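**Student:** Based on what follows, work out the 3D shape:
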Amino acid sequence: MELIKVSAEYLADHGVDNPRLDAELLLGQVLEMDRLHLYLDHDRPVVPAELQRYRELIRRRGQRVPLQLLLGHTQILDHDFGVREGVFIPRPETETLILRAQELDFSGASPGNLLEVGVGSGCVGLSLLRHWPEARLVAYDLNPRALELTRENARALEVESRLVLREGSPFASPPSTPPGGFDLVVSNPPYIRTEDLDRLEAEVRDHDPTEALDGGPDGLDAIRGLSRMAQRVLRSGGWLIFEHGSDQGESAPGLLREDGWREVRVFTDLAGRWRVSCGRWGDLRGDSSANQG
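**Tutor:** Numbering: from 1, shown residues only. From the prediction side, this is the model:
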């Protein structure tokens, strides 16, 4: 307990959010114990080799290396995902994207064909494959390390057989669609304004790939590309859903409405901040809720 207390104070002095929680999780990593057993076995001796390893982890966390990288994994909803340097790190806000996607109306049926743009660690698309056991996912990323990590996570979640990974972007050359088109296009695109990149927290600025963050001058470049591309690959009645910044709760859904999307909606995350927008494509004249936000 003294070790946790001193480490938490050190992390707090170095500007780390939730310093005690981080100190506990890192000690649990070293001792191979969950947080409950850290307290149940609070008088367990920490041998020199363990202490040395723990001090190194605390030192690196004090340098603002993301906790997820130090642990080597992170939990999103009910699933654990491996993470690694050089691949965008999933964060709790993205759970809103997954949950809202799961709630979309596919006319009483489960979606069969999903397209993800910017797969990263795979937390969004693979979570949806677990939720819809008959679905298939085509997932793109510019980063080959992201594709490799997604495949590893897919193998661990036993969904690899329903996954197709492609390196590159579908914006310039959209994928050939399955019969009838895709049911859902989903993305956590780059949406940070270029001028704001240097002001991001060190954990994000110094460790996430720039191409996964930089959304152009107004942060909407990738979202514009998503809107145009999704129109070409979705079946009539299919959905586009994506994450965006908390300050884009008007501009992101407004862009969809300008592009002719229907049933445009915007959702807040658990902190009450605008986080996710969606829209439906196609001829929905028989649907009285069409084009309502």
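**Student:** Please name the residues that touch Arg145.
**Tutor:** Contacts were defined as CB atoms under 8 Å, 6 or more residues apart in numbering; by that measure Arg145 touches Arg84, Gly86, Val87. (Each C-beta comes from the backbone N, C-alpha and C, glycine too.)
**Student:** burial measure for the nearest residue in space to the first one that is not next to it in sequence, as a count.
**Tutor:** Once flanking residues are discounted, Arg84 sits nearest to Leu149: 5.9 Å by CB to CB, 6 or more residues apart in numbering. The number of residues packed around Leu149, counting by other CB atoms under 10 Å, is 23.
**Student:** Leu149 contacts Phe88, correct?
**Tutor:** No. If you go by CB atoms under 8 Å, Leu149 and Phe88 don't touch, sitting 9.8 Å apart.
**Student:** Give the intersection of the neighbour lists for the two.
**Tutor:** Joint contacts of Leu149 and Phe88 (CB under 8 Å, 6+ apart) are Gly120, Ser121.
**Student:** hmm, back to that, JSON lines please, covering the contacts of Arg145 and showing pLDDT.
**Tutor:** Below are the contacts of Arg145 laid out as JSON lines (pLDDT from 0 to 100):
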{"residue": "Arg84", "pLDDT": "95"}
{"residue": "Gly86", "pLDDT": "95"}
{"residue": "Val87", "pLDDT": "97"}
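**Student:** Make JSON lines out of those and add secondary structure.
**Tutor:** What follows is the contacts of Arg145, written out as JSON lines (DSSP: H, G, I helix; E, B strand; the rest coil):
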{"residue": "Arg84", "secondary structure": "coil"}
{"residue": "Gly86", "secondary structure": "coil"}
{"residue": "Val87", "secondary structure": "coil"}
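**Student:** ok, of these, which one's closest to Ala212?
**Tutor:** Using CB to CB, Val87 comes nearest to Ala212 of these, at 8.4 Å.
**Student:** List the contacts of the closest one.
**Tutor:** Counting by CB under 8 Å, 6+ apart, Val87 touches Gly120, Ser121, Asn143, Arg145, Ala146, Leu149, Pro209.
**Student:** How many residues are close by the closest residue to the first one other than its chain neighbours?
**Tutor:** What it means is Gly120. Computed as CB to CB, 6+ apart, the closest residue to Gly120 that is not its neighbour in sequence is Phe88, at 4.1 Å. Using other CB under 10 Å, Phe88 is surrounded by 25 other residues.
**Student:** same thing with Thr177?
**Tutor:** Neighbour count of Thr177, defined by other CB under 10 Å: 15.
**Student:** wouldn't Leu255 be in contact with Gly219 here?
**Tutor:** No. Counting by CB under 8 Å, Leu255 does not reach Gly219; the two are 11.0 Å apart.
**Student:** the more surrounded of those two?
**Tutor:** Counted by other CB under 10 Å, Leu255 and Gly219 do not tie: Gly219 has more neighbours, with 24 against 20.
**Student:** From Phe81, how far off is that one?
**Tutor:** To Phe81, Gly219 is 25 Å away according to CB to CB, to the nearest Å.
**Student:** Noted, bye for now.
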